[in-house]
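**Student:** Structure, please.
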Amino acid sequence: MACALAALSGTAFAAPSSSTVSGSAQAVILTPLQIAPIDPLSFGQLTRPTAAGTVVMSPSGTITTTGGVLTSTAIAQTVPRGPGTFAVVGEAGRAFSIDLPTVAILRQGSRNMRLSAFRSNWTPGAVFSLTRTFALSVGATLNVGTNQTTGTYTGTYAVTVTYQ
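**Tutor:** Residues are numbered from 1 along each chain as shown. Here you go, the predicted model:
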């Protein structure tokens, strides 16, 4: 035995020069997000104020006013009013976020009014239901100037939905 060990002691053992292992890979294809407008954000008809003010439309459709703007509930409405509504479709059980603008402009010729303080019925951590849909409602604050020029003011605003 001692002879065998003596014979091995002069033999060099080399470590392997390479090693290979297989890794795994995967990809998951999600249902593309879709968002479609249903109803426009509409503040209805207002009487021209003699002092600046605001009209606040909540995501639930509640209207409040400040400053010189009188509540539009006293005016017979021939134009529907309410929050902007959208149908959002995505992967069931998947979390998503909604991004709203900071400001948008409504125009009537060379005149304008600013929309600000956008808000929605989306809450952080929301996930798509088993039906894969979310009914989004959007409200904002309309800033009306003193003696705002009469007419119909229109504009657009961007809503972005993103998977989390």
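**Student:** C-alpha from now on. contacts and neighbour counts both.
**Tutor:** OK.
**Student:** Look at the nearest residue to residue 145 once chain neighbours are set aside and say how many residues are nearby.
**Tutor:** Computed as Cα to Cα, 6 or more residues apart in numbering, the closest residue to residue 145 that is not its neighbour in sequence is residue 52, at 4.4 Å. Using other Cα atoms under 10 Å, residue 52 has 16 other residues around it.
**Student:** Now do the contacts for residue 52.
**Tutor:** The contact partners of residue 52, by Cα atoms under 8 Å, 6 or more residues apart in numbering, come to 67-69, 143-147.
**Student:** cutoff 6 Å now
**Tutor:** 67-68, 144-146 (Cα atoms under 6 Å, 6 or more residues apart in numbering).
**Student:** just those residues now: which is nearest residue 59?
**Tutor:** Within the contacts of residue 52, the smallest distance to residue 59 is 19.5 Å, found for residue 144 (Cα to Cα).
**Student:** just to revisit the earlier point, in PyMOL, how would I select the buried members of the contacts of residue 52?
**Tutor:** Listed next is the PyMOL selection for buried residues among the contacts of residue 52, using 16 or more other Cα atoms under 10 Å:
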select buried, resi 68+144+145
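**Student:** By pLDDT, rank the contacts of residue 52 and give me the bottom one.
**Tutor:** Taking pLDDT as the measure, those have their low point at residue 68 (84).
**Student:** So for the spatially closest residue to that residue that is not a sequence neighbour, what pLDDT did the model give?
**Tutor:** Ranked by Cα to Cα, 6+ apart and with sequence neighbours excluded, the top spatial neighbour of residue 68 is residue 51, at 4.4 Å. We have a pLDDT of 90 for residue 51.
**Student:** repeat for residue 4
**Tutor:** So, for residue 4, pLDDT stands at 53.
**Student:** Same question for residue 95.
**Tutor:** The per-residue pLDDT of residue 95 was computed as 96.
**Student:** Which of the contacts of residue 52 fall within strands?
**Tutor:** Applying DSSP state E to the contacts of residue 52, the entries found in strands are 67, 144.
**Student:** could the contacts of residue 52 be laid out in CSV, adding distance to residue 162?
**Tutor:** Output for the contacts of residue 52, formatted as CSV (distance: Cα to Cα, whole Å):
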residue, distance to residue 162
67, 37
68, 39
144, 32
145, 35
146, 39
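**Student:** Now do the same for the residue most central in space within the chain: helix, strand or coil?
**Tutor:** In the chain, the residue lying closest to the centroid (Cα atoms, centre = their mean) is residue 98, at 2.0 Å. Recorded secondary structure, residue 98: strand (DSSP: H, G, I helix; E, B strand; the rest coil).
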